[in-house]
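Colleague: quick one, what's the 3D model for this:
(3 chains)
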Amino acid sequence: MPELVIEDLTVRSTATEPPILSRVSLTVRPGEFVALVGGSGSGKTMTAKSVLQLLPEPLRIESGSIRLGPLDVTNAPETELNRIRGGRLGMLFQQPKRMFNPNKTIRKHLKEPLKLHAGLAGKPADTKVLELLVEVGFEDPEWGAQAYPHQLSGGMAQRAMTAMALAGQPEILLADEPTSALDKVLESQILELLDRERRHRGLGILYITHNLASVAAFADRVLVMDAGKIVESGTTEAVLGSPKTAYTRKLLDASNLLPTSITDVTPQGRSVLTLTNVVKHFGPGKRLGMGKRFGMGKRFGLGNADRPALNSVSLALKQGEILGVLGQSGSGKSTLARAIVGLEGISGGSITRTLAAGEISPPTAVQLVFQEPHDSFDPRMTLRASLEAPLRRHAGLSPAERSQRLQDAMKEVELDPCLLERRPGQCSGGQLQRVTIARALLLEPEVLICDEATSALDALTQRTILDLLQRLHRDRGLSLMIITHDMDVVRHMCQRVAVLFQGRLVELTDTHKFFAEPQHEHSRDLVSAAIPCRGLHLKKMRAAS
Amino acid sequence: MAPLRNLSAVDKAAVVVLAMVVAAVAAAPWLTPFPPDDQNLAARLASPSATHWLGTDHLGRDTLSRLLDGGRFSLVVAALATVLTGLVGLVIGVLSARRKGWLDEFFTRTNDVLLALPEMVVALFIVAAMGTGFSSLLVALTVTGWTPFARLARTLAYDVSARGFVEAARVVGCSPSFIIFRHILPHLAAPMLGQATLRFGQLLISVGALSYLGLGVQPPQSDWGSMVAAAQPYAERAPWGIIAPGLAIFLVALCVTLIGQRASRRAADPVDVLVVEGQHA
Amino acid sequence: MITFLAKRTATLVAAVLLSSFAVFLIPYVTPGDPVRKIIRSRVAGDVVDDSTVQALGQSLGLHDPLPVQYFRWLGAFFSGDMGLSHISRTPVVDQVMPALGITLSLVIVALGIAVIVSLPLGIVAGLKQGGKADKLITTITQSFIAMPEYWLAPLLVLVFALKLSLLPSAGWNTTSSIVLPAVTLALRPISFFTSAVRSGMIDALEAEHIQAARARGLSHVQTIMRHVIPNGLVPLSTLFAVWFAGLLGGSVIVEVVFAIPGMGRLLYDAVVNSDIPLAQGGVVVVVALAVAITTLADFLHRILSPKVSGALA
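Modeller: Residues are numbered from 1 along each chain as shown, chains lettered A, B, ... in the order given. Modelled structure (predicted):
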């Protein structure tokens, strides 16, 4: 089997702009698992698109070469390229569900590469579709084949995408962040699937990611990319074990979250927030009617209308505690956060906020940090206007005092108060997430709930936000509820862990106990999925066993 | 509003033509060369000439004078109807989106039924029931015309309400009125204005249609629609009688449509949502 | 799907009931004695003296509660008894049904023209977004929206019937009678269809799955034929139905201008002459058909676009 060789590849849009990729060289041999890592915007994806000759306008390959065996890809005619794309070169994408035509079944999708690259059509193609779906782990391939993309979960969609890539009998697989939209359990499943195909088929894999933990577990070699350049490369052990550049160390640091130092302290004292038997039903699909005829309407409805989103959840958040709430998507963890701050009414049970003296605290005493920082602010307002709004209503402050409060809050979250005059579009996600926290702090909350507050951020930014939250917890005695699917974040931050599964609270225990001996079956799944991605020599150990 | 220099040549032309027509119609009493109702049976169905720029009609009345005079009725009724339908639609749409429940369901159903009913038939009925005249014309146009605004306002208000920043505002304790006036309405303003511009053109045509059918303006007052109807029997001898008023409607409707399309497109472009970080290159 | 079906059907029934009830009330809310007006639409021949009116009112149940009267009226209506026209004194159903047939053929031809014209225009404009062809097509088809039918129709008559003598100027006698009215009627739908096809194409082109299709080896042309055009045309199905339904009673102007004895003309005459039973018959038939068509289109849209039937996007 041939190898993929990229040599001195330089890509830019116009001569005056700095290059998107500059002198990138890398090689993927058959049967090799190569990781290309870097922060967002470092040029990883563009490298993959260059290989397929599918660079978006106006990007052009300025110099350098891409070769697949003896074939020069950079100068190949379009018909030759169409044979390679999806044939000898398979590709996996970050958002698998968006990569399917929503109006066609999985079977129709799979039959395209089968026809184009394997010359299969009709009955034999149908049989092959089912074989491929079994190979990538569909338990019911018949169902999978007739399903429409929107009916698949994220993990299933990525498996189907893998089947589609395998259908063309590729020699090299370009996997562009194939797991970053998935949770840890699914991530390790997909990577194991890819690794298995690598062994069985002798596939060369170029795995593009920002997640170093998964690299450690699967990759043979690592290339680190920053601002369009390869800054470091070598075996996985060498690069991750003894990184030579500051950038690699920073990446490594960010994804290597140490267990919290305060795990053993179970906070005593009063509860600031008490949930008793909270139930939330969404009921059967709610219609949003009008305008539907023009395709503008939507239908909301939960897949399973009978199952409550929250089913008799009881827990108490102690003062000064950091509680992690774990759960996969659909487990009810976001509904829990929304119910606590009153964005969703509850169908049963009670939610009580308590002050020191035992009185009920005001609703604003519990604040929420959302997942999407760019959506948390009105794009039309300056940040100052957004932050001042709640102050106007609550505290009878003079304009000067308000301004002072805003300045203080910005300084507390380590931001330049000048940012206040900007609009959200002019700030980065990390900055906005800090501003969200600043807005919450202005109301002097007792509890801060972070609903996947760092999942939309890259690893480096995530780390700085987590550090900030820890400092606020220490300095202000703030109680935190961290809702996430990220096991590392929980272990790094939390003293106690609550696990939600299908709307039920299935486990509530100390963090170290949780990781040492998870009780519930689902918790065990979560923990075992998280562990393999740690430790640098795991791949070798597994290969040996 | 967009500064003039950002407009394409076609858009600029549309703005200029529209401004000229509106100015001419507004200044009609000073511009008309003849009193609009002045009959001159000696000069019936005269061709365009230096005296009568656009010729005369079957009673020898000057077409240009009648055009300028009649335009006032057409434009004013269409403008009033646009404002009325826009306000009614905005209130109903935002209320439906915010209150949800039975109110939403009720308006949705009403909307569905009205959508199924041919607009012209409903308008015919209202005018027939209330009698012809200015106010019944307005009522007919409003009853049939609020639905596009309501649908748009409702969809937008619903979408904006579900955005993170509205939820964030609720969590930090902003009042519902603050949320409606500071968050929701500003996001509705541009698309609603774009829609209003488009609807103005359509309402102008509808006003003309009702007048053409004899259910709008009543003689001796005339508007562009009734002028077309009056000139039709003499089309072969005096085609300018039809061409002029129809062209006036067409030009104004075309200009506002072009401007409105552009405004709607601009409103749909989230130019203000510039993502700096978090995009995966 | 089943609940959706049930819901849509319920809406259909509700819409027909609601509008038919409104129509039923016309004799009661318009000036004059409702009993006399209803008798006039039920009994051939003129009834003048009060005692006969009283007796007939009694025997026709016109003093019963309104809901009772309404359902009796509705029952008669759907069994084909729509009463007698106040003007022509003949059964309404005998006027409504032929008129419906004429309007249906007019609308179908007009929409056929619209689809045939707007499909290629919309596809070209969408695929070459921002190009010269796109600008030209967009500007011209947009101008069709601004074209008043009551202006275009006389102009077409002037040119093609009076000056060139190619086509008949009015009436519904020969096959060629349909050309001018259908073209006039097609203009606005052309504008809306073209714009819908164009933006459908643009959306479909920008969808991320197009990249994926290229990445699995489909050529540019194959991608467009298999994934862009079929996806881009989905919105047209709903729009087509909305226009179909709307034109059933929306061809008033065209039918008046061209003296076509269709639904629009019938409704117009009924309103102008205060012919209550004729108006009632026309409106209920048009609404029932319009609602049925849009409901059917909703089902069709669900079949073409499977995602709409899914929960939570």
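
Colleague: pLDDT weak spots in the stretch 1-150 of chain A?
Modeller: Residue ranges of the stretch 1-150 of chain A with pLDDT under 70: A:1.

Colleague: who are the contact partners of the residue in it that chain C sits nearest to?
Modeller: Residue nearest to chain C within the stretch 1-150 of chain A: residue A:86 (3.0 Å; CB to the nearest CB). The way it works is simple: take the backbone N, C-alpha and C, and place the C-beta from them, glycine included. Residues near residue A:86 by CB atoms under 8 Å, 6 or more residues apart in numbering or on different chains: A:113, A:116-117, A:164-165, A:168, A:170, C:215-218.

Colleague: those in helices, which ones?
Modeller: A:113, A:116-117, A:164-165, C:215 (DSSP state H).

Colleague: tell me which of those is nearest to residue C:168?
Modeller: residue A:116 (55.3 Å; CB to CB).

Colleague: I'd say that closest one and residue A:85 touch.
Modeller: No - using CB atoms under 8 Å, residue A:116 makes no contact with residue A:85, being 9.1 Å away.

Colleague: compare those two (neighbour count), which wins?
Modeller: residue A:85 (28 against 21; other CB atoms under 10 Å in any protein chain shown).

Colleague: and the nearest residue to the more buried one once chain neighbours are set aside, how many neighbours?
Modeller: For residue A:85, ignoring the flanking residues on the chain, the nearest one in space by CB to CB, 6 or more residues apart in numbering or on different chains is residue C:217 at 4.3 Å. For residue C:217, the neighbour count with other CB under 10 Å is 24.

Colleague: residue C:217 and residue A:149, how far apart?
Modeller: Going from residue C:217 to residue A:149 by CB to CB, to the nearest Å gives 19 Å.

Colleague: same check, this time on residue A:242
Modeller: Taken as CB to CB, the span from residue A:242 to residue A:149 is 44 Å.

Colleague: who has more neighbours, these two?
Modeller: For the pair residue A:242 and residue A:149, the greater number of neighbours falls to residue A:149 (25 against 10), based on other CB under 10 Å.

Colleague: and the closest residue to that one other than its chain neighbours, what are its phi and psi?
Modeller: Excluding the flanking residues, the one nearest residue A:149 by CB to CB, 6+ apart is residue A:100, at 3.5 Å. With angles defined as degrees, to the nearest 10, residue A:100 sits at phi -110, psi 150.

Colleague: now for residue A:100: which residues touch it?
Modeller: Per CB under 8 Å, 6+ apart, neighbours of residue A:100: A:106, A:109, A:149, A:157, A:160-161, C:209, C:212.

Colleague: mind putting these into JSON lines with secondary structure and distance to residue A:436?
Modeller: Converted to JSON lines, these look like this (DSSP: H, G, I helix; E, B strand; the rest coil; distance: CB to CB, whole Å):
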{"residue": "A:106", "secondary structure": "helix", "distance to residue A:436": "39"}
{"residue": "A:109", "secondary structure": "helix", "distance to residue A:436": "39"}
{"residue": "A:149", "secondary structure": "helix", "distance to residue A:436": "33"}
{"residue": "A:157", "secondary structure": "helix", "distance to residue A:436": "30"}
{"residue": "A:160", "secondary structure": "helix", "distance to residue A:436": "36"}
{"residue": "A:161", "secondary structure": "helix", "distance to residue A:436": "34"}
{"residue": "C:209", "secondary structure": "helix", "distance to residue A:436": "33"}
{"residue": "C:212", "secondary structure": "helix", "distance to residue A:436": "34"}
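
Colleague: compare those residues and tell me which is most surrounded.
Modeller: residue A:161 (29 neighbours).

Colleague: surely that one touches residue A:99?
Modeller: Yes - counting by CB under 8 Å, residue A:99 is a contact partner of residue A:161 at 6.3 Å.

Colleague: wait, which of the ones in helices among the contacts of residue A:86 is closest to chain B?
Modeller: residue C:215 (16.0 Å).

Colleague: list the residues that contact that closest one.
Modeller: Applying CB under 8 Å, 6+ apart, the residues near residue C:215 are A:52, A:54, A:85-86, A:91, A:93.

Colleague: 10 Å - rerun?
Modeller: Shown in contact with residue C:215 (CB atoms under 10 Å, 6 or more residues apart in numbering or on different chains): A:48-49, A:52, A:54, A:85-86, A:89-93, A:99, A:113, A:164-165, A:174, A:176.

Colleague: are any of those buried, and if so which?
Modeller: Buried members of the contacts of residue C:215, scored by 16 or more other CB atoms under 10 Å in any protein chain shown, are A:48-49, A:52, A:85-86, A:89-93, A:99, A:113, A:164-165, A:174, A:176.
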